[in-house]
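Participant: coords below, sequence missing:
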C-alpha cells in the first residue's frame, strides 16, 4: 500500500478551501500552511495561462528529508506517509533545507490568532509541536481511523481534509499500489506529471495538467 | 513557484561553522606542524588545545542555542549512517573527549599534577599519547570538514550542492587557523616559521581558486543563477571586496610578504588573523544567505495551445 494524491489542475479554481480546511483540521499556528495553493503563470507570451497549484508535502517514496535528520524524527511509514515524530525532533531545520518542495515548517513559538488560544486551538494544538519541524501528515489521524470496509479517499471522514473539502473535486486520495483505486484509475487515464521529476524523489502527488 | 531563499539557517549557523573551523583547524595545524609548544603553555597543557576546546565548545553551544528544542541535543548523534549533522556531532564529542584526555597528564594546578600517573604523555611523546593524538587529529579533521558537507550532501539548494562548498570551508578554516597559530606564536614571543607563511599563502590561493571555480561553474542552473545574481547585487561589496578581496587575496599577499619580512611578522600575522576570520565568517554567512531553493515547475510543462 502506498498512499498518494492525484490533483487535477484543470479543475482547481484556487479557492484555498483546502488551505483553510487543513489549517483548521491541524490547528496550525498563524503563518504556517501545510497545504496552500500557489497562483502561477505558465507558458510564454502569447501562450500564457494562469494555473493554480496546490502544494504541500509530496510524501516522496525517496524522501530526502528522512536520511538527513540527525535524530530519526523524520520518518516514513510503510504506507509511504512521511511524518515527524515530534518528541524526537530537535528543531535543527536540516530536513527543511533538504526538501526541494519547501513543505516543512518550523513552529518556533506558541502563537495564536487572538493572543490567547481559542477553544478549538487549545483542543487541537499538540504542545509537542513547539520548537520542532512540522509538515503535512496526509491527515494520518483520519486515515488511520478508517474501520474495516471504509476506504480513505472514498469515505470523506477517513480522507485527508484537503481532499474531502475540495469544492471542485480536483483532489483525489487513494492507494497508488491498488490498480482499482480512484487514484490509479486517474493515473492510467491522464498520465499525470510530478513536480521536479528530475530529482528522482518519486513524489506521491501527481498533477493532471492536460 | 519561483526560486525561493532559505530562511532556516543564518547567523547562528555561520558562527557555528566558523568557530568549528578555527577550533578544529588550530589543533590540527599546531599538532601536525609540531609547533604546539611554541604557542604557550597554560596550566601545564598546550595553550592551543585550550583555545581549540573553548572555540569548539562555544561553537557547539551556538548550535544548541539555535535549535528549536535545545535540551534534546544529545539525540543529534543517533543517525551517523545518513546524516552529516550526526557525524559532525559525534566527531565534536570524540575530539573534545580525546583531546581533553590527551592533555590531562600535563594539567598542573598550584604546582601539582593530579593526573601525572596516567600512562600517556600530554605532548604525545609516547606510544599511548601518539595513539590518542591520532584519534583526536582524525576527529578534528572531520570537525573542519563536516560543516561544508552538511550543506553539499543532500540539501535541496543548488548553490550548496557542490563539492566546492566543503572545499571552500576547509581551505578557509585552514587559513583562519594558520593565522591564529601565527598570532599565538607572536604573542608568546616565538618565531613564526617561514613554512607557515607559505602554507597560509597556499591556503589563500586555493581558497580563491575554489571560490572562483564555484562562481563560474554551472552558472545557469536553476537556483544557482538566482544565488549568483544575489551575490552580484545585494552582496556585491561584501562578497567581492570583502570575502574575495580583503578576506582571501589580501591575506595571501600579506603571507607572501611575511615569508620575506621577519621583522614585521607579528603585525602581519595579526592583520592576517583579522582578515581571514572576517572573510571566513562572511564566506559562510553569504553562502547561507544566497541559498535558493530551485523553482518548482516540473508539472507545469503544459502543451502549447493553438493561438
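Facilitator: Good, I have the coordinates. What you see is a predicted model, and the numbers here were worked out from it, not measured in a lab.
Participant: And what about the residue of chain A found nearest chain B, helix, strand or coil?
Facilitator: Relative to chain B, the nearest point of chain A is residue A:91 (2.0 Å; Cβ to the nearest Cβ). Using the backbone N, CA and C atoms, a C-beta is placed for each residue, glycine as well. Using DSSP: H, G, I helix; E, B strand; the rest coil, the structure places residue A:91 in coil.
Participant: now do residue A:15
Facilitator: Assigned with three-state DSSP, residue A:15 falls in the coil class.
Participant: Chain neighbours aside, what residue packs nearest to residue A:186?
Facilitator: Nearest in space to residue A:186, with sequence neighbours left out and distances taken as Cβ to Cβ, 6 or more residues apart in numbering or on different chains, is residue A:6 at 4.3 Å.
Participant: wait, residue B:199 sits on residue B:178?
Facilitator: Yes. Checked against Cβ atoms under 8 Å, the pair residue B:199 and residue B:178 is within contact range at 5.7 Å.
Participant: Overlap in contacts, the two.
Facilitator: residue B:29 (Cβ atoms under 8 Å, 6 or more residues apart in numbering or on different chains).
Participant: neighbour count winner among those two?
Facilitator: For residue B:199 and residue B:178, the more surrounded residue by other Cβ atoms under 10 Å in any protein chain shown is residue B:178, and the numbers stand at 30 against 20.
Participant: got the contact list for the more buried one?
Facilitator: B:25, B:29, B:196, B:199-200, B:203, B:276.
Participant: and with 10 Å instead?
Facilitator: B:25-26, B:29-30, B:33, B:192, B:196-197, B:199-204, B:251, B:255, B:269, B:272-273, B:276 (Cβ atoms under 10 Å, 6 or more residues apart in numbering or on different chains).
Participant: How about it, nearest residue that isn't a chain neighbour?
Facilitator: Per Cβ to Cβ, 6+ apart, closest to residue B:178 is residue B:200, 4.5 Å.
Participant: Now do the helix or strand that neighbour falls within: which elements does it pack against?
Facilitator: Using DSSP states H and E, residue B:200 sits in helix B:194-216. Other helices and strands packing on helix B:194-216, by 3 or more Cβ pairs under 10 Å, 6 or more residues apart in numbering or on different chains; DSSP states H and E, are helix B:11-32, helix B:164-187, helix B:224-232, helix B:250-260, helix B:265-289.
Participant: Just the buried positions in stretch A:79-90, please.
Facilitator: A:79-84, A:86, A:88-90 (16 or more other Cβ atoms under 10 Å in any protein chain shown).
Participant: Now, those residues that are in strands?
Facilitator: Among the buried residues of stretch A:79-90, DSSP state E puts A:82-84 in strands.
Participant: Can I get these in CSV including pLDDT and distance to residue A:46?
Facilitator: Output for those, formatted as CSV (pLDDT from 0 to 100; distance: Cβ to Cβ, whole Å):
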residue, pLDDT, distance to residue A:46
A:82, 98, 40
A:83, 97, 44
A:84, 97, 45
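Participant: Summarise which helices and strands the lowest-mean-pLDDT helix or strand in chain A is packed against.
Facilitator: Within chain A, confidence by mean pLDDT, DSSP states H and E is lowest for helix A:119-124 among all helices and strands, at a mean of 79. Packing partners of helix A:119-124 (3+ Cβ pairs under 10 Å, 6+ apart): helix A:17-25.
Participant: Check which helices and strands the helix it packs on is in contact with.
Facilitator: Looks like helix A:17-25 contacts strand A:36-44, strand A:47-55, helix A:119-124, helix A:161-165 (3+ Cβ pairs under 10 Å, 6+ apart).
Participant: ok so, going back, which helix or strand lies directly C-terminal to the least confident helix or strand of chain A?
Facilitator: Using DSSP H and E, the first helix or strand after helix A:119-124 is strand A:132-135.
Participant: What's the mean pLDDT across that following strand?
Facilitator: The average pLDDT within strand A:132-135 is 95.
Participant: circling back: what's the least confident stretch among the helices and strands packed on helix A:17-25?
Facilitator: helix A:119-124 (a mean of 79).
Participant: ok, residues contacting it?
Facilitator: A:24-29, A:110-114, A:116-118.
Participant: cool, stretch B:197-204 as well?
Facilitator: Against stretch B:197-204 from outside (Cβ under 10 Å, 6+ apart): B:25, B:29, B:33, B:170-179, B:181-182, B:192-193, B:247-261, B:265, B:268-269, B:272, B:275-276, B:279.
Participant: Present the helices and strands packed on helix A:17-25 as TSV; the columns should include mean neighbour count.
Facilitator: Shown next, in TSV, are those (neighbours: other Cβ atoms under 10 Å in any protein chain shown):
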stretch	mean neighbour count
strand A:36-44	15
strand A:47-55	17
helix A:119-124	12
helix A:161-165	23
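Participant: among those, which is nearest residue A:136?
Facilitator: helix A:161-165 (8.4 Å; Cβ to Cβ).
Participant: SS state for the residue in the stretch 51-200 of chain B that chain A sits nearest to?
Facilitator: Using Cβ to the nearest Cβ, the closest approach of the stretch 51-200 of chain B to chain A is made by residue B:68 at 2.0 Å. Following three-state DSSP, the label given to residue B:68 is coil.
Participant: Hmm, residue A:95 and it touching each other?
Facilitator: No. Residue B:68 is beyond contact range of residue A:95, at 11.8 Å (criterion: Cβ atoms under 10 Å).
Participant: Looking at the two now, which is surrounded by more residues?
Facilitator: More crowded of residue B:68 and residue A:95, by other Cβ under 10 Å: residue A:95, with 28 against 18.
Participant: where does the stretch 101-250 of chain B come near chain A, residue by residue?
Facilitator: The stretch 101-250 of chain B comes close to chain A at residues B:150-151, B:153-158, B:160, B:222-223, as judged by Cβ under 10 Å from any Cβ of the partner chain.
Participant: Farthest pair within those residues?
Facilitator: B:150 and B:222 (22.0 Å).
Participant: circling back: off-centre distance for the least confident helix or strand of chain A?
Facilitator: 22 Å (Cα atoms, centre = their mean, to the nearest Å).
Participant: Now the residue of chain A closest to chain B: closest residue in space that isn't a chain neighbour?
Facilitator: According to Cβ to Cβ, 6+ apart, the nearest residue to residue A:91 is residue B:68 (2.0 Å).
Participant: What's the separation between the one you found and residue B:263?
Facilitator: As for residue B:68, its distance to residue B:263 is 53 Å (criterion: Cβ to Cβ, to the nearest Å).
Participant: buried subset of the contacts of residue B:178?
Facilitator: Applying 16+ other Cβ under 10 Å to the contacts of residue B:178 flags B:25-26, B:29-30, B:192, B:196-197, B:199-204, B:251, B:255, B:269, B:272-273, B:276 as buried.
Participant: In chain A, where is pLDDT below threshold?
Facilitator: For chain A, no stretch has pLDDT under 70.
Participant: If we use 90, what do you get?
Facilitator: A:27-31, A:40-51, A:107-130, A:197-198, A:209-210 (pLDDT under 90).
Participant: the residue most distant from the middle of it, which is it?
Facilitator: Farthest-out residue of chain A from its mean C-alpha position, per Cα atoms, centre = their mean: residue A:46, at 33.2 Å.
Participant: ok so the residue nearest to residue A:186 is a strand residue?
Facilitator: Yes. Counting by three-state DSSP, one finds residue A:6 located in a strand.
Participant: List the contacts of residue B:81.
Facilitator: So residue B:81 contacts A:67, B:87 (Cβ under 10 Å, 6+ apart).
Participant: tell me the secondary structure for it?
Facilitator: Quick answer, by three-state DSSP: residue B:81 is coil.
Participant: Leaving out chain neighbours, which residue sits closest to residue B:218?
Facilitator: For residue B:218, the spatially nearest residue (Cβ to Cβ, 6+ apart) is residue B:224, at 5.8 Å.
Participant: can you pull the buried residues of stretch A:133-142?
Facilitator: Applying 16+ other Cβ under 10 Å to stretch A:133-142 flags A:133-140, A:142 as buried.
Participant: So the residue nearest to residue B:5 when sequence neighbours are not counted versus residue B:219, what's the distance?
Facilitator: Leaving aside its sequence neighbours, residue B:5 sits nearest to residue B:292 (Cβ to Cβ, 6+ apart; 5.8 Å). Per Cβ to Cβ, residue B:292 is found 13 Å from residue B:219.
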